[in-house]
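Student: Output the structure for:
(2 chains)
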Amino acid sequence: MSATAAAPQSQIGRVWTRFRRHRLALAGGFVVALLLASALFAPAFAPQDPTLLDTALRFRPPFADWAHPLGTDELGRDTLSRLLYGGRVSLTVGLVAMVTTVMTGALIGITAGFLGGVVDNLLMRFVDTMLCFPQVFLLLVVAAFVPPTLLSISLVIGLTSWMEVSRIVRAEILHLKEQDFVAAARALGASRARIMFRELLPNAAAPILVAATLKVASAVLMESYISYLGYGVQPPLASWGNMLTNAQGYFDTVPWLAILPGAAITLTVMGFNFMGDGLRDALDPRLRMDP
Amino acid sequence: MIGFVAWRLLQAIPLLIGVSLIGFGLMHLAPGGPLAVYTLNPTIQAQDIERIKIIFGLDQPVHVQYVKWATGIFSGNWGYTFFGGRPVLGVILERLPATLLLMGSALSVAIVLGLSIGVLGAVKRYSVFDVLATTGALFALSFPTFWFGLMAIFVFAIELRWLPSGGMWELGEEGNILSLLRHLVLPTMVLALVITATWSRYSRSAFLEVMQQDFMRTARAKGVPPAARLMRHAFPNAAKPLIALLGVELPFLFSGALVTETIFGWPGMGRLFVDALNMKEYPVLMGMMMFTAIFVIIGNLLADLAIAVIDPRVRLR
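Tutor: Numbers count the residues shown, from 1 in each chain, chains lettered A, B, ... in the order given. As a prediction, this is how the structure comes out:
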């Protein structure tokens, strides 16, 4: 028992050593941790209620006074508080969408890869078909159909971006299912479902984890796109995307209102992208983008 | 070669059917169905909607409607807009040139820049330039397109006043090429950023892979100069994955064009899509989904054929 417990730990140790060597990935991981913490503890950090209006204090510039460290917007709402609460919204959407993407993609990928034959062919043609539509088009059409709530936005993003994950998982399963441990499990009388989800899926964890990290980045980006176009998170709930839309109207006079939420989106997407890149190198050298 | 072309054309058929099924399904999943826009209008009464339903053939069974709609798509009858009753295909084709111009100029800039950066990075692997370029590409991929667009407008149009902030022509200068070019610079820059990053990453890894092949060593051993090795030996082989990328990237290009056109008020298909979305013009939306999907299928087909022309090994399969 102790031998099996020690083995995965040293594996994780090796991965950690490789990840740590990747400076930018480490920086990305740090940024992500910081963002998650600031979103989680937004009520503690935020200087004001993000929906509190104060029309006497409109368009305060950043760094002018301590009550509003990053200034105020067109309705006198505190920008820092809105950024923190907006981060909660953007990260929630990003994470829920990622879980939806990964679950759908993994399920379809593992089914296609393991069952093969007609099922594989049909599922993969479905994937090809979905990939013919530009994602933003698909996303906007569906987003315009459903009432925009946090959950529906996350699901819509998740359900329009799982195709690459299913291809990655399928390729991994095709490679794994020829290996001896699968034959052994089959010889022991394991059911198909057991082989798929208890034997194959955990072994495909590495590429799934990498894809999951990168998918958070693209989901945050997608949320900001559809919120920017008005079909995402609705005011008064702040999201980085709709803060940018608001700011666009006052862009030539108070540019910082647009600069700040955009910088927050960029920082988040960058953090997850760099972390995902580093994870790919650390988890599986075969998957490296840069050989 | 003829066999390969026929095989690839055959493969496109299930894709076209799949695309039309999804497009049709989406239109009928819309809350209130395709006529939702009328139910919101208080001046239109229930019996009017019934009448419109019959005119549009929406009272017929779903499979009959699908077949009618799908044959329409493939014979050029894409239906009519709710507002104004104009033919949908005509409305889309009207906007196509502006989008093609924007996508074409962004793609050209991105390919030239991205390919140069990628090849230089592969040749001088792990040099300062290479590290900066690969890191820079990952940075560029993380920029939200619309934010980069807004920043570009702020710097180049509002602060420096070098370039116009939007539109395609100056008022009264329609048809003036110089005016068009000035308006094209910023949208091209914004749309090209992400594509350049993708191209530099892919061309770098494509060239790195080719340069490790045996025939490259042979070329070097028999004394082919470096430039000729790169152009004559490495380039045709590295070109294959890059041509494939061209096909695969088309949907991203359309998505990027939609966002870019919205920011810059560029009168192309992306703007049409957003306007149609705001007015619940379902026939236009579905028409555009079909149009871009068919465009993507044809693009991928052409990319595959181009690869087969370059590489005889592909067409023998």
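Student: the longest helix in chain A is where?
Tutor: Ranked by number of residues, the top helix in chain A under DSSP state H is helix A:79-115.
Student: Would you pull up the residue in the stretch 101-250 of chain A closest to chain B?
Tutor: Per Cβ to the nearest Cβ, the residue of the stretch 101-250 of chain A with the smallest distance to chain B is A:Thr129, at 3.3 Å. All C-beta spots, glycine's among them, are computed from the backbone N, C-alpha and C.
Student: That residue sits in which helix or strand?
Tutor: For A:Thr129, the host element (DSSP states H and E) is helix A:117-132.
Student: Can you name the residues of the stretch 201-317 of chain B that neighbour chain A?
Tutor: Those residues of the stretch 201-317 of chain B that sit near chain A, judged by Cβ under 8 Å from any Cβ of the partner chain, are B:201, B:204-205, B:208-209, B:251-255, B:258-259, B:262, B:273-274, B:277-278, B:280, B:285, B:288-289, B:292-293, B:296-297.
Student: Could I get the average pLDDT for whatever helix or strand B:Gly149 lives in?
Tutor: Using DSSP H and E, the element containing B:Gly149 is helix B:145-152. Helix B:145-152 shows a mean pLDDT of 84.
Student: Next: stretch A:136-155.
Tutor: Here the average pLDDT along stretch A:136-155 is 86.
Student: the helices in the stretch 1-150 of chain B, which residues?
Tutor: B:2-29, B:36-39, B:46-56, B:62-75, B:88-123, B:128-142, B:145-152 (DSSP state H, counting those that start in this stretch).
Student: out of the ones you listed, deepest packed?
Tutor: By mean neighbour count, with neighbours taken as mean count of other Cβ atoms under 10 Å in any protein chain shown, helix B:145-152 ranks first of these at a mean of 22.
Student: That one and chain A, are they touching?
Tutor: Yes. Using Cβ under 8 Å from any Cβ as the criterion, contacts between helix B:145-152 and chain A involve B:145-147, B:150-151.
Student: From the contact counts, what lies against that helix?
Tutor: Counting contacts by 3 or more Cβ pairs under 8 Å, 6 or more residues apart in numbering or on different chains; DSSP states H and E, helix B:145-152 packs against helix A:205-228, helix A:240-248, helix A:256-283, helix B:177-211, helix B:235-264.
Student: how about these, which one is nearest B:Glu50?
Tutor: Closest approach to B:Glu50 among the helices and strands packed on helix B:145-152 (Cβ to Cβ): helix A:205-228, 34.4 Å.
Student: so A:Ala212 sits right up against A:Val102, yeah?
Tutor: Yes. In this structure, A:Ala212 is within contact of A:Val102 by Cβ atoms under 8 Å, at 4.9 Å.
Student: before we move on, back to that, indicate which one of the helices of the stretch 1-150 of chain B is closest to A:Met243.
Tutor: So among the helices of the stretch 1-150 of chain B, helix B:145-152 is nearest, using Cβ to Cβ, at 11.1 Å.
Student: May I have that closest one exported as CSV, CA atoms only?
Tutor: Only the C-alpha atoms of helix B:145-152 are listed here, as CSV (Å, rounded to 0.1, in the frame of the first residue of the first chain):
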residue,chain,number,x,y,z
THR,B,145,-9.2,41.6,-29.8
PHE,B,146,-11.7,44.3,-29.0
TRP,B,147,-9.6,45.7,-26.2
PHE,B,148,-6.6,45.9,-28.4
GLY,B,149,-8.8,47.6,-31.0
LEU,B,150,-10.0,50.2,-28.5
MET,B,151,-6.4,50.8,-27.4
ALA,B,152,-5.3,51.2,-31.0
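Student: Can you check what angle separates that helix from helix A:256-283?
Tutor: Helix B:145-152 and helix A:256-283 are oriented at 130 degrees to each other (axes from the mean of the first three to the mean of the last three Cα atoms, to 10 degrees).
Student: Relative to the whole chain's centre, how far out is helix B:145-152?
Tutor: Relative to its parent chain, helix B:145-152 has a centroid offset of 19 Å by Cα atoms, centre = their mean, to the nearest Å.
Student: Flag the shaky bits of the chain, pLDDT-wise.
Tutor: Reading this off chain A. A:1-9, A:46-47, A:52-59, A:63-64, A:66-70, A:74-76, A:284-291 (pLDDT under 70).
Student: Can you look at chain B instead?
Tutor: Within chain B, the stretches with pLDDT under 70 are B:31-42, B:56-57, B:171-173, B:316-317.
Student: and B:Leu301, how many neighbours?
Tutor: With neighbours defined by other Cβ atoms under 10 Å in any protein chain shown, the count for B:Leu301 comes to 17.
Student: hang on, it packs against B:Leu15?
Tutor: No. At 9.4 Å, B:Leu301 and B:Leu15 do not qualify as touching, with contact defined as Cβ under 8 Å.
Student: neighbours of the closest residue to B:Ser165 other than its chain neighbours, just the number please.
Tutor: Of all residues not flanking B:Ser165 in the chain, B:Ala157 sits nearest, at 3.6 Å (Cβ to Cβ, 6 or more residues apart in numbering or on different chains). A total of 17 residues lie near B:Ala157 under the criterion other Cβ under 10 Å.
Student: and if you look at the one 10 residues further on?
Tutor: Residues contacting B:Gly167 under the criterion other Cβ under 10 Å number 13.
Student: Next: A:Asp180.
Tutor: The burial count for A:Asp180: 7, using other Cβ under 10 Å.
Student: Sort out which residues of the helix or strand harbouring A:Ala33 are buried, please.
Tutor: In this structure, A:Ala33 sits in helix A:23-40 according to DSSP H and E. Going by neighbour count (16 or more other Cβ atoms under 10 Å in any protein chain shown), the buried part of helix A:23-40 is A:24-25, A:28-29, A:31-32, A:35-36, A:38-39.
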